[in-house]
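J.: sequence-free structure coming up:
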Ligand code: NDP
């Protein structure tokens, strides 16, 4: 650390990764500033994980009310009303509370918060408005932003950003894409009573997930009434501000009240001045870094969505811990991308950790596959037809569990525990010798005895 500069570290972007890096580094004694042009907490807190999960909770309530009758509760469903503005307002109050917490966390750690848009004047100088700040290190943690494909009428298409502040829900909505955000929002909208059509260009959505998971999720989403159309994409949209005429790739048209694109996110690097300084960007526009988050300019590092690693909050947080230690700690530490668990909060949830069956086979493993499909106990009385899928991919030689996959209620909660076991190298025999918790759905993961493949 040097006293020649205004700061030891300037972090650009106060999202999950940036805030964690700033706090940890300040707690290590570094003089740290963080620059943010929008909102504290970044995508996750403001227009991502947190408000999304609140909406997911909200969208489940309708089913819970329907299920109540089987348990003896008399809920007059014809009198049940849902008020979207109330949900949005309550969500906004919670997000503002979290913004405040983020601000206080930074201030209490001694981090200087600079509001505005940052530009890099040179490898050690950040300009925000009229002010110039010099620093030993700069970390780019600017995150990512939704991309809408370039089609006629794209300006009338919404992204997840706007969905969080929608003034009212339409009767019908089109969701475009087949990744995390598309399936999560299709579930939210359908759960809140919006007739929902999801359009995906490929044969089956959720590319990259286990094949069984993808098929099972499609079946369950269709059962809940979501109109899934695969091999279908949008060519153009025309809108008068209320109605949307969507032209599909087969030439047919769809009329809807809203079109939301969830067609991926790009790294947010415009205006930073990175290229002028010689910071290398990848073909996809990500900031290129080495294993220690250093860019092609030694004083500039980057982490989180902007570097093209898995776009997940816990990944950015872990990267921040490693980078802070490397910059201001003992200089040690490596980021471990092995066995990253993840959940998709569609309905039902998906939880997954480790390799898919196809990935395991491609990697040369001789695998055994264990699979269980059942109707969760709760639905024996509720009468709901929803089913649950659990799958383990096991290496025959070592007996190690290579992948665990689930579609069903609380899949995210259940998968977190499995991830610990798999990180510790658990074998199928150890899964088998673990006693179940009865009666739960999760116990199925330790009672699958006969391989299906
Ligand atoms: P994804 O990359 O997951 O999915 C993008 C989808 O859009 C894919 O289905 C893709 O199709 C499709 N697509 C891309 N380009 C086009 C195009 N030109 N025309 C038609 N379809 C297109 O992005 P998301 O926006 O859903 O999410 C971004 C990331 O955010 C995720 O990857 C995830 O890391 C993170 N996230 C995590 C969540 C969680 O942890 N629960 C929740 C939400 C987001 P194809 O498959 O054919 O390429």
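T.: Yep, that arrived. From a predicted model like this one, the values you see are computed outputs, not experimental measurements.

J.: For the helix or strand hosting residue 254, give me every contacting residue.
T.: Assessed by DSSP states H and E, residue 254 sits inside strand 253-256. Here strand 253-256 makes contact (CB atoms under 8 Å, 6 or more residues apart in numbering) with 170, 172, 173, 174, 197, 243, 244, 245, 246, 247, 248. (Glycine included, C-beta is placed from N, CA and C.)

J.: residues near the second one, how many?
T.: So the one you mean is residue 172. The local packing of residue 172 (other CB atoms under 10 Å) involves 18 other residues.

J.: likewise the first one?
T.: Using other CB under 10 Å, residue 170 is surrounded by 18 other residues.

J.: residues in contact with it?
T.: With CB under 8 Å, 6+ apart, residue 170 has these contacts: 194, 256, 257, 258.

J.: Who wins on neighbours among those residues?
T.: residue 258 (25 neighbours).

J.: Any figure for the gap between that one and residue 326?
T.: Residue 258 sits 45 Å away from residue 326, going by CB to CB, to the nearest Å.

J.: Ok, residue 360 next?
T.: Taken as CB to CB, the span from residue 360 to residue 326 is 33 Å.

J.: ok, so of the contacts of residue 170, who is nearest residue 7?
T.: Residue 7 lies nearest to residue 258 out of the contacts of residue 170, by CB to CB, at 44.2 Å.

J.: Go through this structure and flag its longest strand.
T.: strand 131-140 (DSSP state E).

J.: Relative to the whole chain's centre, how far out is whatever helix or strand comes next after it?
T.: Next helix or strand after strand 131-140 toward the C-terminus (DSSP H and E): strand 144-146. Distance, stretch centre to chain centre, for strand 144-146: 12 Å (CA atoms, centre = their mean, to the nearest Å).

J.: can you list contacts of strand 144-146?
T.: 43, 159-161, 181, 261-268, 305-306, 311.

J.: if you set the cut-off to 10 Å instead, what comes out?
T.: Strand 144-146 is contacted from outside by 15, 42-43, 47-48, 157-162, 177, 181, 260-270, 285-286, 304-306, 308, 311, using CB atoms under 10 Å, 6 or more residues apart in numbering.

J.: In ChimeraX, how would I select the buried members of those residues?
T.: Only the buried entries of the contacts of strand 144-146 go into this ChimeraX selection, using 16 or more other CB atoms under 10 Å:
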select :15,42,43,47,48,157,158,159,160,177,181,260,261,262,263,264,265,266,267,268,269,286,304,305,306,308,311
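
J.: can you tell me which of the contacts of strand 144-146 are in helices?
T.: 42, 43, 47, 160, 161, 162, 181 (DSSP state H).

J.: Among those, which one sits closest to the ligand?
T.: Closest to the ligand out of these is residue 181 (3.4 Å), distances taken as CB to the nearest ligand atom.

J.: Strands of the stretch 151-300 of the chain, start to end?
T.: 172-176, 195-200, 227-230, 234-239, 244-248, 253-256, 259-261, 265-267, 300-302 (DSSP state E, counting those that start in this stretch).

J.: JSON lines for these, including distance to the ligand and mean pLDDT?
T.: Formatted as JSON lines, the strands of the stretch 151-300 of the chain follow (distance: least, CB to the nearest ligand atom, whole Å; pLDDT from 0 to 100):
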{"stretch": "strand 172-176", "distance to the ligand": "6", "mean pLDDT": "98"}
{"stretch": "strand 195-200", "distance to the ligand": "6", "mean pLDDT": "98"}
{"stretch": "strand 227-230", "distance to the ligand": "10", "mean pLDDT": "98"}
{"stretch": "strand 234-239", "distance to the ligand": "7", "mean pLDDT": "98"}
{"stretch": "strand 244-248", "distance to the ligand": "12", "mean pLDDT": "98"}
{"stretch": "strand 253-256", "distance to the ligand": "15", "mean pLDDT": "98"}
{"stretch": "strand 259-261", "distance to the ligand": "8", "mean pLDDT": "98"}
{"stretch": "strand 265-267", "distance to the ligand": "5", "mean pLDDT": "98"}
{"stretch": "strand 300-302", "distance to the ligand": "17", "mean pLDDT": "98"}
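
J.: For these, give me TSV that also has distance to residue 61.
T.: Output for the strands of the stretch 151-300 of the chain, formatted as TSV (distance: least, CB to CB, whole Å):
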stretch	distance to residue 61
strand 172-176	19
strand 195-200	17
strand 227-230	22
strand 234-239	31
strand 244-248	28
strand 253-256	24
strand 259-261	22
strand 265-267	29
strand 300-302	40
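
J.: Nearest to residue 98, out of those strands?
T.: strand 265-267 (21.1 Å).

J.: residues of stretch 360-367 that come out buried?
T.: Result for stretch 360-367 [16+ other CB under 10 Å]: buried residues 360, 365, 367.

J.: from those residues, which is closest to the ligand?
T.: residue 360 (20.6 Å).

J.: Surely the closest one is in a strand?
T.: No - per DSSP: H, G, I helix; E, B strand; the rest coil, residue 360 lies outside any strand segment and is helix.

J.: residue in the stretch 151-300 of the chain nearest to the ligand?
T.: Counting by CB to the nearest ligand atom, the stretch 151-300 of the chain gets nearest to the ligand through residue 179 (2.1 Å).

J.: quick one on the thing from earlier: okay if I get the buried residues of stretch 360-367 as TSV plus pLDDT and distance to the ligand?
T.: Below are the buried residues of stretch 360-367 laid out as TSV (pLDDT from 0 to 100; distance: CB to the nearest ligand atom, whole Å):
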residue	pLDDT	distance to the ligand
360	98	21
365	98	25
367	98	24
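
J.: Spell out which residues of the stretch 101-250 of the chain are next to the ligand.
T.: By CB under 6 Å from any ligand atom, the residues of the stretch 101-250 of the chain that approach the ligand are 149, 177-182, 184, 200-202, 207, 233.

J.: Give me the buried subset of those.
T.: Buried among those (16+ other CB under 10 Å): 177, 178, 179, 180, 181, 182, 184, 200, 201, 233.
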